[in-house]
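J.: need coordinates for the below:
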Amino acid sequence: MALSYKARRRWSLVILLVGLPAYIIAAVVVIGQFDRPPFWIELAIYVGLGIVWAIPFRFMFKGIGQADPENTDS
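T.: You can find the predicted model right below:
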């Protein structure tokens, strides 16, 4: 069952306002458990974690910035 446009907008907002900060905190805590690596390795780790976080939610954010396709008022 596919989500409606309005449901995807609401869930994407929840993901960005709650999920992203929680994921950032979790990533910093996990990385903080280890000795600090060189800057470029640490940057690569955070970029990789950012990509891994976004992949499962790409369907949720697809088309959110566009006009509502279910709205027939043009």
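J.: pLDDT weak spots in this protein?
T.: Low-confidence segments of the chain, defined by pLDDT under 70: 1, 72-74.
J.: which helix in it runs the most residues?
T.: When the chain is parsed with DSSP state H, its longest helix is helix 39-54.
J.: tell me the helix or strand right after that helix.
T.: As assigned by DSSP states H and E, the chain's next helix or strand after helix 39-54 is helix 58-61.
J.: just checking, what packs against that next one?
T.: helix 5-14 (3 or more Cβ pairs under 8 Å, 6 or more residues apart in numbering; DSSP states H and E). The C-beta positions use only the backbone N, C-alpha and C, and glycine is treated the same way.
J.: list the contacts for residue 60?
T.: 3, 8, 11-12, 15 (Cβ atoms under 8 Å, 6 or more residues apart in numbering).
J.: of all these, which comes closest to residue 62?
T.: When the contacts of residue 60 are ranked by distance to residue 62 (Cβ to Cβ), residue 8 comes first, at 8.2 Å.
J.: take stretch 43-55, keep the C-alpha atoms, and write them as CSV.
T.: Taking Å, rounded to 0.1, in the frame of the first residue of the first chain, the C-alpha atoms of stretch 43-55 are listed here in CSV:
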residue,chain,number,x,y,z
LEU,A,43,35.0,13.0,7.7
ALA,A,44,34.6,9.9,5.5
ILE,A,45,32.9,8.0,8.3
TYR,A,46,30.3,10.8,8.9
VAL,A,47,29.7,11.2,5.1
GLY,A,48,29.3,7.4,4.8
LEU,A,49,26.9,7.3,7.8
GLY,A,50,24.9,10.2,6.2
ILE,A,51,24.5,8.3,3.0
VAL,A,52,23.6,5.1,4.8
TRP,A,53,20.9,7.0,6.8
ALA,A,54,19.3,8.5,3.7
ILE,A,55,19.1,5.4,1.5
